[in-house]
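> Generate a structure from the sequence data that follows.
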Amino acid sequence: ILSDSGTTVITDSLFWDNTSKRIRSDANVMITEKNGRITKGKGFESDQDMTDYHILHPVIDAPASVFQNPNAQQPLSTPFKP
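Residues are numbered from 1 along each chain as shown. This is a model prediction of the structure:
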């Protein structure tokens, strides 16, 4: 899908719910916004204009070094919160 605002959705299956006027997918999805931000995950829901969307199970890509503790005696200062 390519929206008028420049947002692109890549997935292998989509469903249109005519009653709620929403797009849905249970498959893996990758959303690229016009500003370059990329969001990946599984499961997707959006309005027909792609202005109000969310991924049901987001996936965060980060280098392994982000999760390494530089000082083994001291715990990471910011716990992960889903």
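
> and the strand or helix carrying Gly41, which strands flank it?
Gly41 is part of strand 38-47, with elements assigned from DSSP states H and E. Here strand 38-47 has these sheet partners by DSSP bridges: strand 22-32 (antiparallel), strand 53-59 (antiparallel).

> any idea of the mean pLDDT in the longest one?
Just to be clear, that refers to strand 22-32. Mean pLDDT, strand 22-32: 94.

> Off-centre distance for that strand?
Centroid separation between strand 22-32 and its chain, computed with Cα atoms, centre = their mean, to the nearest Å, is 8 Å.

> Name the surrounding residues that touch it.
Applying Cβ atoms under 8 Å, 6 or more residues apart in numbering, the external contacts of strand 22-32 come out as 1, 7-17, 38-48, 50, 53, 55. For glycine as for every other residue, the C-beta is placed from the backbone atoms N, C-alpha and C.

> one more time with 6 Å
Applying Cβ atoms under 6 Å, 6 or more residues apart in numbering, the contact partners of strand 22-32 are 8-15, 38-40, 42-46.

> In this structure Met50 contacts Asp4, no?
No. Here Met50 does not reach Asp4: they are 8.0 Å apart, not a contact under Cβ atoms under 6 Å.
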